[in-house]
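Novice: structure, please.
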Amino acid sequence: MNDQPKNPLHGLTLEKILCDLVDFYGWDELYKMIELRCFYNDPSIKSSLKFLRKTNWARAKIETIYLNLQKNGQVFD
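Specialist: I've put the predicted structure just below:
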């Protein structure tokens with residue numbers, strides 16, 4: 001098993017990250033932060049995950065937004 005003790009995203013799934021961001025910001029704010037059609041046209045977790053898993057640059061932006069929230073003291077359960 002490959003441990004990643006210094007990776008702050010270790011153990012988090014993309015679905016968990018996306019759900020936390022949607023709960024915190026909502027789809028409209030997420031779309032304003034990163035203009036992805038899957039956040040604007042009939043947004044859903046399933047369609048967004050499908051897109052984010054195929055698009056590395058978009059996934060990286062979502063992960064950065066999540067990490068910035070953690071750094072600013074926003075804690076997700």
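Novice: which residues sit in contact with residue 18?
Specialist: Counting by CB atoms under 8 Å, 6 or more residues apart in numbering, residue 18 makes contact with 45, 48, 49, 52, 62. No exception for glycine: its C-beta is placed from N, CA and C like everyone else's.
Novice: ramachandran coordinates for residue 34?
Specialist: Residue 34 adopts backbone torsions of phi -150, psi 110, taken as degrees, to the nearest 10.
Novice: the closest residue to it other than its chain neighbours: what secondary structure?
Specialist: With CB to CB, 6 or more residues apart in numbering as the criterion, residue 34 has its nearest non-adjacent residue at 5.0 Å, and that residue is residue 61. Classification of residue 61 into helix, strand or coil gives helix, according to DSSP: H, G, I helix; E, B strand; the rest coil.
Novice: my guess is residue 24 meets residue 68, correct?
Specialist: No - judged on CB atoms under 8 Å, residue 24 makes no contact with residue 68 at a distance of 11.5 Å.
Novice: higher neighbour count, the two?
Specialist: Each of residue 24 and residue 68 has its neighbours counted (other CB atoms under 10 Å); residue 24 has more, 14 against 10.
Novice: which helices and strands does whichever strand or helix holds residue 69 pack with?
Specialist: Assessed by DSSP states H and E, residue 69 sits inside helix 56-71. The criterion is 3 or more CB pairs under 8 Å, 6 or more residues apart in numbering; DSSP states H and E, and the helices and strands that helix 56-71 contacts are helix 14-25, helix 45-54.
Novice: deepest of those helices, which one?
Specialist: Highest mean neighbour count of the helices and strands packed on helix 56-71: helix 14-25, a mean of 16 (counted as mean count of other CB atoms under 10 Å).
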